[in-house]
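**Student:** Mind looking at a prediction? Sequence and model below.
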Amino acid sequence: MTWYRFPIGASLIWLLACDPGSSSLVCASDERKMGGECVKPVSHPVHVNTVGYAPEGIKRATYRGGSGKFQVVRADGEVVYEGTASDFISSAETRENDLRVADFSELTETGEFTLRAEDSGESPPFRIAPDFAEPVVRTLMLGMYGQRCGVSVSLEHGGTTFSHDTCHEDDALLDDYGKPGEKQNTMYGWHDAGDYGKYVNNGALALASMLLAWIQYAPALERVALDLPESGQGGLPDYLSECKFQLDWLLLMQHEDGGVADRVTTRRFDDMISPEASTAPRYLAPVTTTATADFAAVVAQAARVFEPYDAELAASYSAAAEKAWAYLVDNPAEQGASPQERGRYTGSYWSSDGDDRLWAAVEIWETTGDEAALAYFEENSSGIQVQVNWDWTDLSNLGVFTYLLSERPGRDPAVVESLTTALRKSVDNIVAQAMEHPYGRSLGSMYYWGINGVLARTTLNVGVLDTLEPDPKHRDTIILQLSHLLGRNYYGRSYVTALGHHPPYYPHHRPSAADGIAEPWPGLLIGGPLSKMMGDLPATTWVDAASDYQSNEVAINWNAAMIYAAAALLPAP
């Protein structure tokens with residue numbers, strides 16, 4: 001395995017190096033096979049969103065040194081914009097003292113361009129187009145399809161076919177229910193990350209992020225055609241067909257009494273093998289109130305989303321969610337997993353259930369009008385702080401979003417005002433950080449495991465507030481986050497496989513490592529740089545290697561958050 005660490009000023013653009021039609025293509029050691037072609041790296045010191053920008057809205061690039069003068073040049077060589085970048089900016093997190101930010105937001109012309117910085121260099125090509133976010137949504141959704149469990153998968157991207165056979169058909173053993181050797185059907189759903197486990201907590205977060213995107217941006221999302229087996233069938237939009245595949249699994253995780261099993265995993269992580277080669281026994285974890293609450297919340301949310309397309313299916317979702325909520329009402333004390341039980345399963349995602357119950361309560365109320373559920377949420381929401389950096393450990397933000405977006409009568413005006421103020425405060429923080437940071441990060445100098453997903457998830461806060469209180473700076477902030485993830489970062493690289501400039505080659509993703517294809521599976525957002533040891537610079541620690549699960553793994557909740565960000569930037573119909 002070979003990997004590279006690229007500082008700013010050493011990012012890459014692909015140049016054709018051999019016959020793309022060769023079926024037995026062998027590349028030189030300094031080349032990579034991408035899209036059926038051997039390509040060589042050429043450095044580009046100017047870091048931009050390598051997918052592109054909308055004609056209206058913020059457009060920024062970052063580079064080192066130079067005189068400060070820059071030009072934006074059309075593909076035919078014509079200079080269409082000239083400007084002066086910022087004075088030097090220092091970045092303690094990367095130990096760079098000569099960064100400049102070039103702002104070319106005034107340029108609204110469409111087409112393909114590069115940015116040339118005097119005495120510094122130029123950027124990779126990028127587009128300016130109203131539909132620039134469509135390939136982002138389409139590729140990320142292809143990534144979600146590629147994570148399907150329990151069925152065979154086949155997809156094509158860039159001239160390469162990626163596939164795996166049917167997997168994990170025997171899910172899942174009930175040994176931990178005192179029934180050794182017996183099984184419960186828990187097929188379908190998405191593999192969680194680079195591993196093959198399936199976890200209700202994180203799976204619900206991923207699905208909820210995607211459903212929220214639909215709730216807010218359905219008309220635009222419905223126009224994006226996806227390459228799925230269900231496309232054009234069953235009366236569902238493509239986007240919701242993918243969401244339904246996760247719901248099919250979640251419904252199988254619910255027991256007759258309404259409780260929901262926490263996860264399905266092996267006893268230890270598989271080696272780097274394909275899904276169909278993953279034949280180690282997989283076990284159903286005990287019921288937890290965290291999983292039951294997350295199930296109640298996201299399945300109730302799905303009932304509202306699917307109702308216009310399939311009323312019968314939506315009713316089944318509503319009934320399952322209400323059954324889970326009744327279980328929570330009857331079991332007010334937390335039911336978790338003991339340390340011994342946790343040790344029998346892979347992965348994290350063990351958390352207390354307070355935030356999950358709050359989210360479940362407001363989703364149940366929004367779907368059914370249950371006044372007791374509304375009262376539960378309002379009585380327990382006084383201590384909620386809308387988080388800027390949030391993840392599966394605390395999903396109360398999701399409850400706040402649904403409550404504030406609701407048009408159902410009955411909300412307490414004081415609670416609405418309090419939570420709106422808290423949301424506005426979080427978004428003000430996000431906007432300020434993004435605008436001031438030399439690479440546009442909404443989390444400033446904060447780095448930890450899965451930070452790219454958390455960065456993308458800040459756009460949910462921004463998007464919800466923008467629906468309530470529209471402001472151009474909200475959209476600009478979402479653009480900045482997408483730009484960072486697609487190349488305007490320390491590395492000048494896209495963080496999404498097979499998307500944008502010099503994307504990750506070697507994600508910690510078992511299908512990519514095991515299929516014998518030189519290219520990774522497309523549409524997967526990697527976790528990104530984080531602090532790995534005392535005294536390091538976390539912003540500079542990403543290693544593009546399959547062995548580096550800390551910075552180079554993929555996960556469905558990261559993908560889903562970025563899908564939301566891209567959906568927010570789709571052109572309105």
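**Tutor:** In hand now; what should we look at? Numbering: from 1, shown residues only.
**Student:** how about P55, phi and psi?
**Tutor:** Main-chain torsions, P55, degrees, to the nearest 10: phi -60, psi -40.
**Student:** Does the residue nearest to it when sequence neighbours are not counted belong to a helix, a strand or coil?
**Tutor:** Distances taken as Cβ to Cβ, 6 or more residues apart in numbering place T108 nearest to P55, at 4.3 Å, with adjacent residues excluded. Just so you know, the C-beta spots here come from the backbone N, C-alpha and C atoms, and that holds for glycine as well. Here T108 is coil, with the state taken from DSSP: H, G, I helix; E, B strand; the rest coil.
**Student:** so what's T108 up against?
**Tutor:** Contacts for T108 (Cβ atoms under 8 Å, 6 or more residues apart in numbering) come out as 55-56, 128.
**Student:** Is E82 part of a helix or strand, or is it coil?
**Tutor:** At E82 the chain is in strand, as set by three-state DSSP.
**Student:** Would you check that it makes contact with K69?
**Tutor:** Yes: here E82 reaches K69: they are 7.3 Å apart, a contact under Cβ atoms under 8 Å.
**Student:** Overlap in contacts, those two.
**Tutor:** Common neighbours of E82 and K69 (Cβ under 8 Å, 6+ apart) do not exist.
**Student:** Domain parsing of the chain, as residue ranges.
**Tutor:** With domains defined by automatic domain parsing, the chain comprises 1-44, 47-129, 134-488+551-567.
**Student:** looking at those, which is buried most?
**Tutor:** The highest mean neighbour count among the domains of the chain, using mean count of other Cβ atoms under 10 Å, belongs to domain 134-488+551-567: a mean of 21.
**Student:** average pLDDT across it?
**Tutor:** In this model, domain 134-488+551-567 has an average pLDDT of 97.
**Student:** tell me how far that domain is from the chain's mean position?
**Tutor:** In terms of Cα atoms, centre = their mean, to the nearest Å, the centre of domain 134-488+551-567 is set 10 Å apart from its chain centre.
**Student:** Can you name every helix or strand that the longest helix along the chain contacts?
**Tutor:** The longest helix of the chain (DSSP state H) is helix 413-436. The helices and strands touching helix 413-436, judged by 3 or more Cβ pairs under 8 Å, 6 or more residues apart in numbering; DSSP states H and E, are helix 396-405, helix 451-468, helix 472-485.
**Student:** for the domains of the chain, which one sits closest to Y495?
**Tutor:** Judged by Cβ to Cβ, the one of these that comes nearest to Y495 is domain 134-488+551-567, at 5.0 Å.
**Student:** Quick one: end-to-end length of that closest one, please.
**Tutor:** Start-to-end span of domain 134-488+551-567 (Cα to Cα, to the nearest Å) is 8 Å.
**Student:** Kindly report the same for stretch 379-393.
**Tutor:** Start-to-end, stretch 379-393 (Cα to Cα) is 21 Å.
**Student:** Would you mind giving the helices and strands packed on helix 413-436 as CSV with distance to A373 added?
**Tutor:** Shown next, in CSV, are the helices and strands packed on helix 413-436 (distance: least, Cβ to Cβ, whole Å):
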stretch, distance to A373
helix 396-405, 11
helix 451-468, 20
helix 472-485, 30
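**Student:** do you know which of those lies nearest D271?
**Tutor:** Nearest to D271 among the helices and strands packed on helix 413-436 is helix 451-468 (24.9 Å), distances taken as Cβ to Cβ.
**Student:** pull the CA atoms of the closest one into PDB?
**Tutor:** What follows is helix 451-468, C-alpha atoms only, in PDB (Å, rounded to 0.1, in the frame of the first residue of the first chain):
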ATOM      1  CA  ILE A 451     -14.800  15.800  11.800                       C
ATOM      2  CA  ASN A 452     -15.700  16.100   8.100                       C
ATOM      3  CA  GLY A 453     -19.100  14.600   8.900                       C
ATOM      4  CA  VAL A 454     -19.600  17.000  11.800                       C
ATOM      5  CA  LEU A 455     -18.500  19.900   9.600                       C
ATOM      6  CA  ALA A 456     -21.100  18.900   7.000                       C
ATOM      7  CA  ARG A 457     -23.700  18.500   9.800                       C
ATOM      8  CA  THR A 458     -23.400  22.100  10.900                       C
ATOM      9  CA  THR A 459     -25.200  22.900   7.700                       C
ATOM     10  CA  LEU A 460     -28.400  21.400   9.200                       C
ATOM     11  CA  ASN A 461     -28.400  24.100  11.800                       C
ATOM     12  CA  VAL A 462     -27.900  26.700   9.100                       C
ATOM     13  CA  GLY A 463     -30.400  25.300   6.700                       C
ATOM     14  CA  VAL A 464     -33.200  25.100   9.300                       C
ATOM     15  CA  LEU A 465     -32.600  28.700  10.500                       C
ATOM     16  CA  ASP A 466     -32.600  29.800   6.900                       C
ATOM     17  CA  THR A 467     -36.000  28.300   6.400                       C
ATOM     18  CA  LEU A 468     -37.200  30.200   9.400                       C
END
